[in-house]
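1. got a predicted structure here, sequence first:
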Amino acid sequence: MDNAEAAALLKEHLEGYRLRSCADLVTLLGKPQVAEPRGASGATYQLEVEVHWDDRPGGALHVLGSIDDGGWRAVKSLGRLHPGVRRTVRWRVGLPDV
């Protein structure tokens, strides 16, 4: 897996989620979003974005995005045998006061 290419694809994909409203992100709770972008190298990657409540329902949201090449390294990274192979990005989104 080309780590730089994977990181760039993940960053680009997540930018769309950063532009979404909190209300829109709430509709994605419990519904993993999966995509298979193709990099400039021609490699296909598996990308997944999940939205969870950060600490309590109605509070801040936790958005987690990860990407891998779907190969054996991805399986090992899920088992934490090779940390850093699977690229992951997280951030919190605070809900506005009503």
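-> Great, that's in hand.

2. and Glu48, how far from Leu14?
-> Glu48 is 11 Å from Leu14, where distance means C-beta to C-beta, to the nearest Å. C-beta here means a position set from N, CA and C on the backbone, and glycine is covered the same way.

3. list residues touching both of the two?
-> Common contacts of Glu48 and Leu14, defined by C-beta atoms under 8 Å, 6 or more residues apart in numbering, comprise Gly65.

4. the two - which one has more neighbours?
-> Legend: neighbour count by other C-beta atoms under 10 Å for Glu48 and Leu14, higher for Leu14 (19 against 15).

5. could you say which helix or strand holds that one?
-> In the assignment (DSSP states H and E), Leu14 maps to helix 3-18.

6. so after that helix, what's the next helix or strand?
-> Sequence-wise, the next helix or strand downstream of helix 3-18 (DSSP H and E) is helix 22-26.

7. centroid residue for this structure?
-> By C-alpha atoms, centre = their mean, the chain has its centre lying nearest to Gly65, at 0.9 Å.
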